[in-house]
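> Mind folding the following:
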Amino acid sequence: MKKKAPSHQLQRHYRWMYKFGVLFMAAVFVFFMFKLEAQFRSQLSSNHANLIKTLSSKPKVAFLFIARNRLPLDFMWQHYFKEADETSFSIYIHSRPGFVYNEMTTVCTFCYGRQLSDSIQVLWGEASMIQAERILLRKALEDPANQRFILVSDSCVPLYNFSYTYDYVMSSPKSFVDSFVDPKASRYNPKMAPTIRKDKWRKGSQWATLIRKHAEVMVADKTVFPVFKQHCKRRPLLPEHLRKQAQPKVVQKEHDCIPDEHYVQTLLAMRGLEGELERRTLTYTLWNKSKNKIDMQSWHPVMFRHADVSARLIKNIKSIDHVSYETEFRTEWCSSNGKTLPCFLFARKFSTRAAMQLLNLVKLDNYARQFPGSKLEPVSLAKVNFTSLESKLLPEN
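Residues are numbered from 1 along each chain as shown. I've put the predicted structure just below:
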């Protein structure tokens, strides 16, 4: 039995349904295209506005302080920033969660309200230190005018005025990152492979100065940081009665890789960016080999006390024009456009009294330059109420 052909009316119905479907799909397509274009224009407008803002404003240096609580040397930074153009710098401080910088907690007016609202508890020797650095950088990157990012210790002092520092870091298109190959690589954990290969493992100072591109690389990292977080564990603290004895084998097997001395260097090496670095730090540190028999191979930064600080000390630090890396048979000469420059703009670690003595030297030097042949008595440290001063400047127990 033959099937009847569909009626002309039914055929017209199918044709209209087909046309309606095509028109509907076309309308939906056009709608989404307009929506995407609107979003693109909005994003383009936002990026254009940020670009205009960046080009029209003076590039800024972002100072990223890592502190336990207060900034113990904030009086030094008050002196430093008060002579600077406030449109040329910005300040961000990572301290313990909930700590607020105001007139009750700091003598540096430039630090008021500059604490991060999302700070974390930082433990030395663990990945929380580099997480704090990443939080600081993420916040500082929100301002498109910030073009250089300087990580600063809470025991750090500036060696030059702000103007010199600004010109120094802005004149170089590179980041200043102390980075070298450690032939022993005793801190490298084989479990980090294959994400982090041993040949990309680098070591260096935590106190880096980054260009914006490298700061963005550090903040965007989602592969290297988790590996550090997983495999870099702080060695457990030994009981008091065992601290003068040799370490038990179980402790010796712990990988205390000190993430802050390896993360930035290793990350940039893995991203193929070492050619964009001045492979040296701008922060001077005097290292003294540990006398602790528990860890004879570790080095610790010397704390400068009041008696250590003199014009000769500062002159010697400022006169350093090269840094040698014996493990790589490499010498980093500090220069720009063929002109020799001092290697260091900052120095650490300074006690409160040592920084006060340094500030005296700075004031005396400035006075001597303005009034040759005149005499100015320095602030007498014996007359300073350090009990009151330290209660305000130093961390609480």
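> Confirm that Asn288 sits in a strand.
Yes: counting by DSSP: H, G, I helix; E, B strand; the rest coil, Asn288 is part of a strand.
> Could you count how many residues lie near it?
10 (other C-beta atoms under 10 Å). For the C-beta atoms, the positions are set from N, CA and C on the backbone; glycine is no exception.
> Correct me if wrong: it contacts Phe304.
No: counting by C-beta atoms under 8 Å, Phe304 is not a contact partner of Asn288; they are 11.4 Å apart.
> quick one, strands of the stretch 251-397 of the chain?
Remark: strands assigned in the stretch 251-397 of the chain by DSSP state E, counting those that start in this stretch are 277-278, 283-285, 287-289, 299-301, 322-325, 330-333, 335-336, 339-340, 346-348.
> Now render those as CSV, adding mean pLDDT.
Listed next are the strands of the stretch 251-397 of the chain as CSV, based on pLDDT from 0 to 100:
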stretch, mean pLDDT
strand 277-278, 94
strand 283-285, 96
strand 287-289, 73
strand 299-301, 78
strand 322-325, 92
strand 330-333, 91
strand 335-336, 82
strand 339-340, 86
strand 346-348, 96
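> Ok, which of those strands comes nearest Arg96?
With C-beta to C-beta as the criterion, Arg96 lies closest to strand 346-348 of the strands of the stretch 251-397 of the chain, at 20.0 Å.
> Quick check: Ile258 touching Ser186?
No: checked against C-beta under 8 Å, the pair Ile258 and Ser186 is beyond contact range at 10.8 Å.
> neighbour count winner among those two?
Taking other C-beta under 10 Å, Ile258 and Ser186 do not tie; Ile258 has more neighbours (18 against 10).
> Buried residues, stretch 137-152. List them.
If you call a residue buried by 16 or more other C-beta atoms under 10 Å, then stretch 137-152 has these buried ones: 137-141, 143-152.
> again, but for stretch 170-185
Result for stretch 170-185 [16+ other C-beta under 10 Å]: buried residues 170, 174-182, 185.
> For Phe24, state which of those is nearest.
Checking these one by one against Phe24 (C-beta to C-beta), the nearest turns out to be Ser175, at 54.8 Å.
> what's the neighbour count on Asp85?
12.
> average pLDDT for the helix or strand harbouring Phe228?
Assessed by DSSP states H and E, Phe228 sits inside helix 224-231. In this model, helix 224-231 has an average pLDDT of 93.
> counting contacts, what elements does it pack onto?
Contacts defined by 3 or more C-beta pairs under 8 Å, 6 or more residues apart in numbering; DSSP states H and E place helix 224-231 against helix 128-140, helix 263-270.
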